[in-house]
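Q: Sequence plus predicted model, see below.
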Amino acid sequence: MPAPAPLPAPDDSRYLALCSRDARFDGQFFTGVTSTGIYCRPVCAVRTPRREHCRFFTLAAQAESAGFRPCLRCRPEVAPQALAWSVQDASSILVQQALRLIDTPQAWDTPEGLGVARLAQRLGVSDRHLRRIFEAALGVSPLQYLQTRRLLLAKQLLTDTRLPVTQVALSSGFGSVRRFNAAFAAHYGLNPSQLRRAGAPAAPGDAGLCGSIRLAYRPPLDVPALLAFFAQRQFTGVECAAPANGTLRRTVRLQAGSRELTGWMAARFDTARHQVWLQTSEHLAPALAQVIARVRAMLDLDADPAAIHAVLGAAFPGTEGLRVPGAFDGFELAVRAVLGQQITVAAARTLGQRLVERLGEPVATPWPDLQRLFPSPATLAQAEGEVLGQLGIVRQRQAAIVALARAVDSGQLALHPGADVAATIQALCQLPGIGDWTAQYIALRALRWPDAFPAGDVALHKALGVQGQPQPARAATALAQAWRPWRGYAVLRAWATGCISSASLSKA
């Protein structure tokens, strides 16, 4: 009997993916071409280089550290991020936490900015230890990774927007234009103005200073299901999701340093090219790094469907396109979660609509159906019980909303993907009226924790077939152990399908 053919080496497999221009591998690796000194995404439309001219890298920072410059055609800066959640040793978890902080501008948009020493302090380790494990795990230093992220963001803003170079430098995290120009020239061999002249043409229909920003994702992505989730929960005046034409618009409030910015954003899916076109109001220009990161999280554009479905496919067949809907604003999502405790989605939407109409502030947008901001933490922190009671919100939820607002407004609680998941869940559960279900739901959608699992959810019990058992939450948790680290995606698939595969249940 002939021996089985040997499996291809990892780099040979990557070369096959490069030859096929398979969008499922976008962002999973980058190809450095030694004959040109350029590195590209797997989907790049240029002529495929010869195998002996290719070097493969997991991160853009690795390619740039090796001396390669980003391709001006496929634009590595728009690729989805490669997220690794399967590693469990302490060093890998620390590196993962560091990457989440670096990739979350909301976490380091402060007057001090983000440096290696401050990053290490946030993680509770020495900067020497952080550098050591970072280089051991990724082959680059934290500073090299951070610098690459800043430069690629600047490259994206230069190409997709008409922001002044000074604004691009500051929005990308550089302390001065001089440092920005020096870093750009050293890494890319161009000055920012030269890159802007060589940039890709603007998208059809873009307008305003902020242009149309491209955000790529890996297929498959069930766009109608994702937008339908938002549409079922949207508050009139704040958000408008249209599954039929693949668009999502909403009003925006965020902090940029010491300033509060308000405006709007609009996202349009381009499923043929596996990307999203993002437009924002000019008022949000100083915080475009935050807006881009929030939209990527909100639409779950960095998910790896192949890795997730490899774990969940047997239990939930035919659901590989489903994503976990995130949140543009973590505080807003948390208030929604409190309002939704033990009532239907429609009832929670009614309460939220009343809250927006009573306490939300007006804002100007190009669309008449978007004209209101969700109430700020400062506003709800001062809300009186009588006001909330008149909206139909019961006392227990009134207390939870006010306590939540005060914790966020004071800075004691951060609800964004860069936050410490375990510490945030613990802090949430210590607030009055917030239990494990609410905390896990917030962790799933606001903190973007893919292993969040609201074990007490009644709809989940029904879908998993454990609702009749004496301890359904414990039974659901035991059943879900095989789905780690993607239990959050399993929850969304169970909610969407209403059931789990009988074959999977028979194995459990």
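A: Thanks, I have it. Numbering: from 1, shown residues only.
Q: backbone phi and psi for Arg55, please?
A: Main-chain torsions, Arg55, degrees, to the nearest 10: phi -120, psi 140.
Q: Which pLDDT value goes with the closest residue to it other than its chain neighbours?
A: Nearest non-adjacent residue to Arg55, counting by CB to CB, 6 or more residues apart in numbering: Gly32, 4.2 Å away. Yep, even glycine has a C-beta here, placed from its N, CA and C like the rest. As predicted, Gly32 sits at a pLDDT of 98.
Q: Look at Gly32 and say how many residues are nearby.
A: Neighbourhood size, Gly32 [other CB atoms under 10 Å]: 22.
Q: any weak-confidence spans in the stretch 201-350 of the chain?
A: For the stretch 201-350 of the chain, the stretches with pLDDT under 70 are 201-209.
Q: re the thing from before, tell me who's in contact with the residue nearest to Arg55.
A: 38-39, 54-57, 63, 66, 68 (CB atoms under 8 Å, 6 or more residues apart in numbering).
Q: Equivalent analysis for Gln167, please.
A: Shown in contact with Gln167 (CB under 8 Å, 6+ apart): 285-286.
Q: Let's see that with 6 Å instead.
A: Neighbour list for Gln167: empty [criterion: CB atoms under 6 Å, 6 or more residues apart in numbering].
Q: Tell me how far it lies from Ile213.
A: 14 Å (CB to CB, to the nearest Å).
Q: list the buried ones in the longest strand belonging to the chain?
A: What stands out as the longest strand in the chain, according to DSSP state E, is strand 259-270. Residues 261-269 are the ones in strand 259-270 that count as buried (16 or more other CB atoms under 10 Å).
Q: Export only the CA atoms of that strand, formatted as PDB.
A: Written as PDB, here are the backbone C-alpha positions of strand 259-270 (Å, rounded to 0.1, in the frame of the first residue of the first chain):
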ATOM      1  CA  ARG A 259     -12.800  66.600  24.300                       C
ATOM      2  CA  GLU A 260     -16.200  65.100  23.700                       C
ATOM      3  CA  LEU A 261     -16.900  64.700  20.000                       C
ATOM      4  CA  THR A 262     -20.400  64.100  18.400                       C
ATOM      5  CA  GLY A 263     -21.400  63.300  14.900                       C
ATOM      6  CA  TRP A 264     -22.400  60.300  12.800                       C
ATOM      7  CA  MET A 265     -21.000  57.200  11.000                       C
ATOM      8  CA  ALA A 266     -22.300  55.200   8.000                       C
ATOM      9  CA  ALA A 267     -21.100  51.700   7.000                       C
ATOM     10  CA  ARG A 268     -21.900  50.100   3.700                       C
ATOM     11  CA  PHE A 269     -21.100  46.400   3.000                       C
ATOM     12  CA  ASP A 270     -19.400  45.600  -0.400                       C
END
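Q: Tell me, how many residues neighbour the closest residue to Pro432 other than its chain neighbours?
A: Spatial nearest neighbour of Pro432, chain neighbours left out: Ala399 (4.7 Å); criterion: CB to CB, 6+ apart. Residue crowding around Ala399 was assessed by other CB under 10 Å; the count is 17.
Q: What confidence value was assigned to Ala399?
A: 96.
Q: that's a helix at it, yeah?
A: Yes: the assignment for Ala399 (DSSP: H, G, I helix; E, B strand; the rest coil) places it in a helix.
Q: didn't it look like it was pressed against Gly433?
A: Yes: counting by CB atoms under 6 Å, Ala399 touches Gly433, with 5.3 Å between them.
Q: hmm, who's touching whichever helix or strand Arg296 is part of?
A: Arg296 belongs to helix 288-298 when assigned by DSSP states H and E. Counting by CB under 6 Å, 6+ apart, helix 288-298 makes contact with 105-106, 153, 171, 254, 267, 278, 280, 284, 302, 326, 328, 417, 448, all of which sit outside it.
Q: Among those residues, which lie within helices?
A: Counting by DSSP state H, the part of these found in helices is 105-106, 153, 171.
Q: Using a markdown table, please lay out the residues you listed together with pLDDT.
A: What follows is these, written out as a markdown table (pLDDT from 0 to 100):
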| residue | pLDDT |
| --- | --- |
| Pro105 | 82 |
| Gln106 | 77 |
| Leu153 | 94 |
| Ser171 | 87 |
